[in-house]
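Chemist: coordinates only, sequence not included:
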Ligand SMILES: CC(C)(COP(=O)(O)OP(=O)(O)OC[C@H]1O[C@@H](n2cnc3c(N)ncnc32)[C@H](O)[C@@H]1OP(=O)(O)O)[C@@H](O)C(=O)NCCC(=O)NCCSC(=O)C[C@H](O)C(=O)O
Ligand SMILES: [Mg+2]
């Protein structure tokens, strides 16, 4: 499956120092798993976490789930060893925290000579400087395939507040989404910290999906089902996409260029969206069947 077509509806952070959680993740329905060596691993657990995560990636057993290792920044005492270990383990991607410049991507890419060709780079957008440089970062390296929003750090750095609707970070979300799409990159929304609040999670997922994000980062297994539901195409949307394709093809066969379905026009651009939706559904089906 091409990198860009993989489903990333639900992207779960797993503290790298929690062996039980790393094990449990083998049976969770998340599309992608981020094994976290950064914020979810306290300083005294960094080395243990690095070993546990490398072993988990090497052992596998995660089926078709995409595996990502979030390293500590190269400006920390742990970053270089995290990168060297993660590169050898060979996950699907290495996630760099607090990216602020193309040079930070290049430095990580330069340290990936031991990594297999499939190991991509993902970048966290979570500081004001990073958000303002998002376009240059997104365009900076062929190994970079995904931008991930870090709304916790962003709220902290902006001196903002977490509020329902997320107005304080809306500009940053939109800006980074634009940067990602301009370069054909994947874009994943930030986390919902209130991990037992299903209503808030659903609202955030629906808003993120409406903006165009491919999926949401999550912190607890209880959040997976809602993210999968909201970021996956609904039965109604798929039925409408099929109807649009059929109507458009019938119109074209008669020499026309604009069809009408449910009172709305369908032109070639809408057909492209309909095809993408159907391809998304097929990719989800394949992922859930364990194919890759
Ligand atoms: C938030 C938590 C600390 C809650 O953990 P816990 O109290 O253990 O919850 P439960 O008792 O309800 O757990 C039930 C079972 O599920 C397993 N579990 C819990 N969380 C995870 C997980 N993330 N991945 C896999 N498995 C998980 C528990 O082990 C229980 O299993 P069992 O014992 O077999 O029944 C905890 O969820 C947690 O630590 N979450 C991750 C926090 C995290 O990753 N934070 C950093 C990233 S978020 C961030 O900051 C993004 C960005 O950088 C930004 O700036 O925004
Ligand atoms: Mg962060």
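Modeler: Looks like it came in fine. On a predicted model such as this, the values are computed, not experimentally measured, just so you know. Ligands and ions are numbered 1, 2, ... in the order given.
Chemist: ok, the residue in the stretch 151-292 of the chain that ligand 2 sits nearest to - how many residues close by?
Modeler: Closest approach of the stretch 151-292 of the chain to ligand 2 (C-beta to the ion) occurs at residue 153, with a separation of 3.7 Å. Where C-beta positions appear, they are placed from N, C-alpha and C, glycine not excepted. Residue 153 sits with 18 neighbouring residues when counted by other C-beta atoms under 10 Å.
Chemist: any idea how far the closest residue to residue 112 other than its chain neighbours lies from ligand 2?
Modeler: Spatial nearest neighbour of residue 112, excluding adjacent residues (C-beta to C-beta, 6 or more residues apart in numbering): residue 87 at 4.9 Å. Between residue 87 and ligand 2 the computed distance is 22 Å (C-beta to the ion, to the nearest Å).
Chemist: Hmm, residue 87 is touching residue 94, no?
Modeler: Yes. With contact defined as C-beta atoms under 8 Å, residue 87 counts as touching residue 94 (7.2 Å).
Chemist: Report the set of residues contacting both of the two.
Modeler: 112, 115, 119 (C-beta atoms under 8 Å, 6 or more residues apart in numbering).
Chemist: Buried subset of those residues as a ChimeraX selection?
Modeler: Typed into ChimeraX, the line below selects the buried ones among the shared contacts of residue 87 and residue 94, using 16 or more other C-beta atoms under 10 Å:
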select :112,115,119
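Chemist: could you pick out which of the shared contacts of residue 87 and residue 94 are near ligand 1?
Modeler: Checked against ligand 1 using C-beta under 6 Å from any ligand atom, the shared contacts of residue 87 and residue 94 give no members in range.
Chemist: Is it possible to get TSV of the shared contacts of residue 87 and residue 94 that adds pLDDT and distance to residue 24?
Modeler: Formatted as TSV, the shared contacts of residue 87 and residue 94 follow (pLDDT from 0 to 100; distance: C-beta to C-beta, whole Å):
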residue	pLDDT	distance to residue 24
112	98	29
115	97	26
119	98	24
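Chemist: of residue 87 and residue 94, who's got more company?
Modeler: Applying other C-beta under 10 Å to residue 87 and residue 94 shows that residue 94 carries more neighbours, namely 26 against 21.
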